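K.L.:
Build the 3D model from these lines:
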Amino acid sequence: MKNFNAGQYINQGTYKSFQPTHINRQWHVENMEVLNLLSQADRQLGRLDMYSEYIPNIDLFIRMHVLKEATQSSKIEGTKTNIEEALLVKEDLKEEKRDDWEEVQNYILALNSAVESLSKLPFSSRLIKNTHQTLLQGVRGKHKLPGEFRRSQNWIGGASIRDAIFIPPIHTTVNNYMGDLENFVHNESHFLPDLLKIAIVHYQFETIHPFLDGNGRVGRLLITLYLVEKGILKKPVLYLSDFFEKHRTLYYDNLTRVREKNDLIQWVKFFLVGIIETAKNGITTFDQILKLKRDVEQKLQQLSSRSNSPQLILTYLFQDPIVEVQKAKALTQLSLPSVYKLISEFEKLGILEEITGEKRGKLYVFRDYIDLFN
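P.N.:
So this is what the prediction gives:
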């Protein structure tokens, strides 16, 4: 890494594209700061993975982690949907918010589909293309070759290619670069710790910029896919978009620094710090979820109901913290008056809060739970 050469600019006539160095080769890591951060990151990821094994019904809570990742990753690209809005159905949103909402929903679908696909499809260009197709389906960017590597030149920043901040490699080399990236991921003859590997993969993917749109979101999504495929995480419970969003300027600056100054070490250190902080935050969030669950279950003991209806609603709320009366009725099989009474008791206990202010079509939010992810 010390003598890393990021690549070179090649004259393409009216502009120069950056052609990165291939990454499928032997790597030598001697920087003690990197090795120390790697050790910490491995330790924190191990703690998070072990912790997630002991959380009952963890899939309920993963949905909220995915939702947060979707809103934060999309936010980096300029969408403005928050977690609470992402939980609503499209019809409950104002017209001007629906495009952003759809992009977030596509991200959720793309991530879930990709994780599910890992059981039969390895981390590969095919998986990446399938994920990209889901991401751009029916939203802004739907005309920019969803699921296909670009067949023309793209650029980052600037009104045109002439004043672009960065011009990725020429389109005729994209397949070659992505093949090299895929070979690097699965190369077992040259050992490199997995966290260093995915740090390099993310940098290289963003440098190749293989799609006409959606590269940032797909690139960040690949981090979680890699960790799950390699068995580092048994469940998809770690997402770096929140860290990248909080340190957005550093995120872009460090990626740029690799290309301009061949400083891969600084990018890797930033990436590992992101893993460490995010894993620690994940453990804290799980702790808070368990505490909230205990507190709410204690409150439910005050209810007059002797059926399991309150518990059914609570279990649902930990998966989807916004509920309306008809949904509660379907969950509990209670009569409508009984459901209204139960919802009212949840309100009095401070578990639910009505958010529409309307007489009809009321929506109730489990605010304390949502706040754990904000």
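K.L.:
for stretch 2-21, which positions count as buried?
P.N.:
By 16 or more other CB atoms under 10 Å, the buried positions in stretch 2-21 come out as 6-7, 15, 17-20. All C-beta atoms are positioned from the backbone trio N, CA, C, and that covers glycine.
K.L.:
May I ask which two of those residues are separated the most?
P.N.:
Farthest pair in the buried residues of stretch 2-21 (CB to CB) is Ala6 and Tyr15. Separation: 18.4 Å.
K.L.:
What is the neighbour count of the closest residue to Gly157 other than its chain neighbours?
P.N.:
Distances taken as CB to CB, 6 or more residues apart in numbering place Ile165 nearest to Gly157, at 3.1 Å, with adjacent residues excluded. Burial of Ile165 is recorded as 10 neighbouring residues (other CB atoms under 10 Å).
K.L.:
Verify the contact between Ile165 and Tyr252 for me.
P.N.:
No. Between Ile165 and Tyr252 there is no contact, the gap being 9.2 Å when judged by CB atoms under 8 Å.
K.L.:
Strands of the stretch 101-250 of the chain, start to end?
P.N.:
In the stretch 101-250 of the chain, no strands are defined using DSSP state E, counting those that start in this stretch.
K.L.:
Low-confidence bits of it, can you list those?
P.N.:
Along the stretch 101-250 of the chain, the model assigns pLDDT under 70 to residues 141.
K.L.:
let's see 90
P.N.:
For the stretch 101-250 of the chain, the stretches with pLDDT under 90 are 101, 103-104, 106-108, 138-144, 158-159, 235-236.
K.L.:
Repeat that for the stretch 251-374 of the chain.
P.N.:
286, 290, 301-307, 319, 356-361, 373-374.
K.L.:
Tell me which stretches of it form helices.
P.N.:
Here the stretch 251-374 of the chain has its helices, by DSSP state H, counting those that start in this stretch, at 264-300, 309-317, 325-332, 336-348, 367-371.
K.L.:
Likewise for the stretch 1-150 of the chain?
P.N.:
Residue ranges of the helices in the stretch 1-150 of the chain, as given by DSSP H, counting those that start in this stretch, are 32-53, 58-76, 83-87, 98-117, 125-136.
K.L.:
okay, the first one in PDB with CA atoms only?
P.N.:
What follows is helix 32-53 as a C-alpha-only set of coordinates in PDB (Å, rounded to 0.1, in the frame of the first residue of the first chain):
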ATOM      1  CA  MET A  32       1.100  -0.100  12.000                       C
ATOM      2  CA  GLU A  33      -1.700   2.400  12.300                       C
ATOM      3  CA  VAL A  34      -3.700   0.500   9.700                       C
ATOM      4  CA  LEU A  35      -2.900  -2.800  11.400                       C
ATOM      5  CA  ASN A  36      -4.000  -1.400  14.700                       C
ATOM      6  CA  LEU A  37      -7.300  -0.100  13.300                       C
ATOM      7  CA  LEU A  38      -7.900  -3.400  11.500                       C
ATOM      8  CA  SER A  39      -7.500  -5.200  14.800                       C
ATOM      9  CA  GLN A  40     -10.000  -2.900  16.500                       C
ATOM     10  CA  ALA A  41     -12.500  -3.100  13.600                       C
ATOM     11  CA  ASP A  42     -12.300  -6.900  13.600                       C
ATOM     12  CA  ARG A  43     -12.900  -7.000  17.300                       C
ATOM     13  CA  GLN A  44     -15.900  -4.600  17.100                       C
ATOM     14  CA  LEU A  45     -17.500  -6.500  14.200                       C
ATOM     15  CA  GLY A  46     -17.100  -9.700  16.100                       C
ATOM     16  CA  ARG A  47     -18.900  -8.200  19.100                       C
ATOM     17  CA  LEU A  48     -21.700  -6.900  16.900                       C
ATOM     18  CA  ASP A  49     -22.100 -10.200  15.100                       C
ATOM     19  CA  MET A  50     -22.200 -12.200  18.400                       C
ATOM     20  CA  TYR A  51     -24.600  -9.700  19.900                       C
ATOM     21  CA  SER A  52     -27.000 -10.000  17.000                       C
ATOM     22  CA  GLU A  53     -27.100 -13.800  17.500                       C
END
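K.L.:
got the buried residues for it?
P.N.:
Here helix 32-53 shows 34, 37-38, 41-42, 44-45, 48-49, 51-52 as buried, counting by 16+ other CB under 10 Å.
K.L.:
Mind giving me the packing neighbours of it?
P.N.:
For helix 32-53, the packing partners by 3 or more CB pairs under 8 Å, 6 or more residues apart in numbering; DSSP states H and E come out as helix 194-208, helix 264-300.
K.L.:
Domains in the chain, by residue range?
P.N.:
The chain breaks down into these domains under automatic domain parsing: 7-285, 302-371.
K.L.:
between these, which one is nearest to Asp295?
P.N.:
domain 302-371 (8.4 Å).
K.L.:
how much distance is there from the closest one to the middle of the chain?
P.N.:
When C-alpha coordinates are averaged (CA atoms, centre = their mean, to the nearest Å), domain 302-371 and its chain have centres 29 Å apart.
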